[in-house]
Every structure is written in C-alpha cells, then in structure tokens.
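> Make a model of this:
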Amino acid sequence: MTEFRIEHDALGEVRIPADALYGAQTQRAIDNFPLSGTGFPRVFIRSLGLIKEAAARVNEELGQLDAGTAEAIMTAANEVTEGMWDDQFPVDIFQSGSGTSTNMNANEVIANRAIQILGGKPGSKEIVHPNDHVNRCQSTNDVIPTAIHVSAFILANEALLPALRHLHETLTVRAKALGDIVKTGRTHLMDAVPITMSQEISGWAHQVRQAGERIESCLPRLAMLAIGGTAVGTGLNAHPEFGRRVAALLAAATGLPFKETANHFASQAAVDTAAELSGHVKTAALVLIKICNDLRLMNSGPVAGLSEISLPAVQLGSSIMPGKINPVICEAVTMVCVQVIGNDAAITNGSQCGNFEVNIMLPLIAHNLLQSVTILSHAAELLADRAVAGFTVNREHIAELLGRNSILVTALSPVVGYDKAVMIAQKAFTEKRSIKDVAAEMTELPTEELDRLLDPRSMTGKPL
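You can find the predicted model right below:
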C-alpha cells in the first residue's frame, strides 16, 4: 500500500507519495493534466539540471545563496542532469502553457534531493525551498525558453548534424563508386536524356549537405538564452549579472557557445528561433523523402518495375506473399519525415500564441521540436547504413533500358532539327527499333557521326 505525506500550498493540502522527490505543485499538475502520458525527453530534463546547477553556482558567487545550500542544490541538480531522477519528472507535456509545472517539478525535485543531502526529509522547505532557493533569480518564463534552446542545441550538435554528415559521406562514397554507370534520366516519371548514377546521387548528397548548413546557420541564434529576464524580461528579482554568468557557465559545461540574449523581451515573448530551427529540420525531412522516393522507384520490381537497384533485403515483406521483399527502411524513414512535417505545423501554430510577454505553447513547442530533431537524426543514420550503403546496381538491366530509350534522339535535334528528331523518335518507338537504326534510314548522317552523337555517356556532360 502506497504511503503518503501531506504538503501544503496556497490552495490547501496535497497528498504526495511519501518517497517522491517532487512536491505539491508537481502533484497538482499530475492530477490536473492526465492527457497524453508523455513527459519531457531526457535531453530537456538534462538541460533543466544544467540550468539549475549553473543558477545555484552564480547565486552563491553573487551572495544570493550561502555556500552549503548552494552546494547541496548543485549536487542535486547535477544528479538530475545525469539522469538519476528521471522517474521523478511525471508531468505531462500538455500542461500550463509556460511550462510552470515542469519548472516547479525541477525546483521541487532538486530542493527535496538537496534536503536529503543536508540530512533532512523531503517536504521540509525550511532547509531548501524550491522557489526561494532553487528558483532564485529565475522565472518559468525565462527558464523554459532557455531549456528549449539548450536542449535543442545539444541535440542538433550531438545527434542531427553528425547524422546528416554521415549520410552525406555515405552518399558521396556511393556516388564516386558508381560514376561509370550511365542510366536513363527521368522527368515527370517519363524517360529523359541520360545521366550517370554518380550525378544522380551527387544531387542527393548536395541536398543533405545544404540541409546541414541550414541548421548550422540557425545555431548562433539558438545560442542566445533568455535566462536572466525573469517574469517579463525586465529581470525583476534577479541580480543584473545573473543571466550573463549563467549563460557562461552553461557554455563551459556543454562546450557550446551560449550567451545571454541581447533582448529578453523578444526571447521570452516569442519563439522565433525554435520555429526557425523547426523549419530547417522540416526541410531536411523533405530532403530525406526525396531520396527515399527515388530509391523506392529505382528498387521497384524486381520484375515489373524499374529494377535499377536492389535495396538490402532486411526483412520479409508480406504475411501472404512468400518471399516478397519491400523497401521498409525507406518507408520507415519517410514516416519519420512526415511526422517531422506534422511537428513543424504544430510548432508554427504554437508560435502564433505569443501574447504580450509570454508564449503559452512552450511545452508543446519543446516536445515537437526535440522529437523532430531526435527522430530525424535516427532516420538519417538508418537511411545511410541500412539502405544507401548496401544497395546493389543491376547494371545489365540499366544498360538495356538505356539502349531502348527513344529520348536519346535529343542529341540529334541540333543537327537534324527538332521536327525531324520527333519523327525519328516516334518511328523508333512504334517499331521498337533503336534510334541509331532509324536515324541511319531517315538522315544522311554517316555511321561514325551517329555513333558519336548517340553515345549516351557523351550526353551526360562533365563527369563529377
């Protein structure tokens, strides 16, 4: 049977599990918001721990906290950073729009753990108070925007950008290895003039590189932190040096270039940078969808499709059709990308809910942004390792399709004229003959000239 302790807040008594490190405000949030069962991710809790530890250190340095209290808070906050108390963060992401419940969840857990470190029992606020001590010089309205920026920067730096670089490198290696293969280009899903497989893959690689560059371009703005602005951006109840010093400690702790924002009113009332990053992540998702679509079409068949490549067979694809293999990696990656697009739509709508000095969709924006960065990181690595790196090329089939491509006549157009070229193409297609044979009949071009003009590789331009 669960034992409880009784705590009090301004609204009255609150029953809390006796062994819980959280307190009254967290318990009220648990009771008030039984909505999704989804809490904040590890990186966000990690960021809250980093912020609270830095805040305690700065408050000690500025004479706002005595050394013993500050040290206990820092130890407890570091444990939160390291993940020791993740089970003590049960608050749903759908909650108070500013994230007050989660900020107080962190304050209460750290305060009660600090109390334990100092030899007391959780709930005895006289020793360490969640508001007066852990939250000193802070407000939810600057802590949560700061945590969004810190956690998103950490994830982008540690996960998404390395994953995109890995995908780019994998594509580049495959492009260089397949430079000798000339294939039928396609526009509108219809046959077009030749292209090398290397050129085609290089397009994907360039897209991935640019996706990473877009995300990197946003990082200087993501490094600007709202901490120090307290409730509305004026810094009320905070030491004037607090924000700058906390940002500097966060930079030292993470190795990332965090700084206090140049304008607290913008950083707390708006979520422009989070929306910008989400937009760049969405664009990266669109890049992966493009690559997956092409791979799936090139892999289609193996008998009745294009069958230009064979993606790695990673699992059986049907419960009824024996031996059927489907492009499941590309499908899974595409689903991730569609989720990222949906997350960006939610962030875009949430970004419109900044009313005067605070946005009331911060938990939703945090959840969707961090999920997008996380799952797209995994998707990029999966696509690189389980699809791009291992597909094989059906060279003979590609050559056969290329030889039957009536659009090769495009190379004759400057010599014989567009109308004549159309007639040659139509006759070749109707009679299922090669362009070269029909052109020899319908023009006076010598065989050597036709060989030169209709060489598919010469139509691909300069090699990479």
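> Next, count neighbours for the residue nearest to residue 324 when sequence neighbours are not counted.
Counting by C-beta to C-beta, 6 or more residues apart in numbering, residue 324 lies nearest to residue 318, which is 4.0 Å off, once chain neighbours are set aside. For every residue, glycine as well, the C-beta is placed using N, CA and C. When counting by other C-beta atoms under 10 Å, one arrives at 10 neighbours for residue 318.
> Repeat that for residue 282.
Neighbour tally, residue 282, other C-beta under 10 Å: 21.
> gap between the helix or strand where it lies and the chain center?
Residue 282 is located in helix 272-299, with elements delineated by DSSP states H and E. Counting by C-alpha atoms, centre = their mean, to the nearest Å, helix 272-299 is centred 10 Å from the centre of its parent chain.
> so how far is the helix or strand following that helix off the chain centroid?
Along the chain past helix 272-299, the next helix or strand (assigned with DSSP H and E) turns out to be strand 309-310. Distance of strand 309-310 from the chain centroid (C-alpha atoms, centre = their mean) equals 28 Å.
> Quick check: residue 434 vs residue 416, distance?
Separation of residue 434 from residue 416 (C-beta to C-beta, to the nearest Å): 16 Å.
> mind giving me the domain ranges of this protein?
Domains of the chain are assigned by automatic domain parsing as 4-136, 152-181+196-396, 404-459.
> Out of the ones you listed, flag the one nearest residue 190.
Of all these, domain 404-459 sits nearest to residue 190, with 8.4 Å by C-beta to C-beta.
> how long is that closest one from one end to the other?
The straight-line separation of the ends of domain 404-459 (C-alpha to C-alpha, to the nearest Å) is 15 Å.
> Quick one: distance of it to the chain centre.
48 Å.
> Likewise for stretch 258-267?
24 Å.
> so where is the protein shaky, pLDDT-wise?
1, 462-464 (pLDDT under 70).
> Helix, strand or coil: sort out the spatially closest residue to residue 135 that is not a sequence neighbour for me.
Leaving aside its sequence neighbours, residue 135 sits nearest to residue 107 (C-beta to C-beta, 6+ apart; 4.9 Å). When classified by DSSP: H, G, I helix; E, B strand; the rest coil, residue 107 comes out as helix.
> Does residue 107 touch residue 125 like I think?
No - judged on C-beta atoms under 8 Å, residue 107 makes no contact with residue 125 at a distance of 10.8 Å.
> Which one's more surrounded, these two?
Between residue 107 and residue 125, counted using other C-beta under 10 Å, residue 107 has the larger neighbour count: 29 against 20.
> Which stretches in the stretch 101-250 of the chain count as helices?
Under the criterion DSSP state H, counting those that start in this stretch, the stretch 101-250 of the chain contains helices at 140-155, 161-177, 197-222, 242-254.
> Out of those helices, the one nearest residue 79 is which?
Judging the helices of the stretch 101-250 of the chain by C-beta to C-beta, what sits closest to residue 79 is helix 242-254, at 14.5 Å.
> all strands for the protein, in order.
For the chain, strands defined by DSSP state E occupy the ranges 4-9, 12-17, 182-187, 190-196, 224-225, 259-260, 309-310, 354-355, 358-359, 392-393.
> and the fifth one, which strands flank it?
Each strand pairing with strand 224-225, determined using DSSP bridges, is listed with its direction: strand 259-260 (parallel).
> Check which residues of stretch 303-316 are buried.
Residues of stretch 303-316 classed as buried by neighbour count (16 or more other C-beta atoms under 10 Å): 306-312.
> what about that stretch, how long is it end to end?
Stretch 303-316 stretches 17 Å from its first residue to its last (C-alpha to C-alpha).
> Contacts for it next, please.
Applying C-beta atoms under 8 Å, 6 or more residues apart in numbering, the external contacts of stretch 303-316 come out as 183, 295, 297-302, 323-325, 327-330, 386-387, 390-394, 397-398, 401.
> buried subset of those?
183, 295, 297-299, 325, 327-330, 386-387, 390-391, 393-394, 397-398, 401.
> circling back to that earlier point, as TSV, the helices of the stretch 101-250 of the chain with distance to residue 16 and mean neighbour count would be great.
What follows is those, written out as TSV (distance: least, C-beta to C-beta, whole Å; neighbours: other C-beta atoms under 10 Å):
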stretch	distance to residue 16	mean neighbour count
helix 140-155	21	27
helix 161-177	41	19
helix 197-222	36	19
helix 242-254	30	21
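> Turn those helices into CSV, columns for distance to residue 101.
Output for the helices of the stretch 101-250 of the chain, formatted as CSV (distance: least, C-beta to C-beta, whole Å):
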stretch, distance to residue 101
helix 140-155, 9
helix 161-177, 32
helix 197-222, 24
helix 242-254, 22
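> then stretch 225-235 to PDB, C-alphas only?
Output of stretch 225-235 as PDB, limited to C-alpha atoms (Å, rounded to 0.1, in the frame of the first residue of the first chain):
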ATOM      1  CA  LEU A 225      19.500  32.400 -23.900                       C
ATOM      2  CA  ALA A 226      16.500  34.000 -22.100                       C
ATOM      3  CA  ILE A 227      17.800  33.300 -18.600                       C
ATOM      4  CA  GLY A 228      18.100  36.500 -16.500                       C
ATOM      5  CA  GLY A 229      14.800  38.100 -17.800                       C
ATOM      6  CA  THR A 230      12.700  36.500 -15.000                       C
ATOM      7  CA  ALA A 231       8.900  37.100 -15.400                       C
ATOM      8  CA  VAL A 232       8.500  39.500 -18.300                       C
ATOM      9  CA  GLY A 233      12.000  40.300 -19.500                       C
ATOM     10  CA  THR A 234      12.800  43.100 -17.100                       C
ATOM     11  CA  GLY A 235      15.000  40.900 -14.800                       C
END
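> List the buried residues of it.
Buried residues in stretch 225-235, counted by 16+ other C-beta under 10 Å: 225-233, 235.
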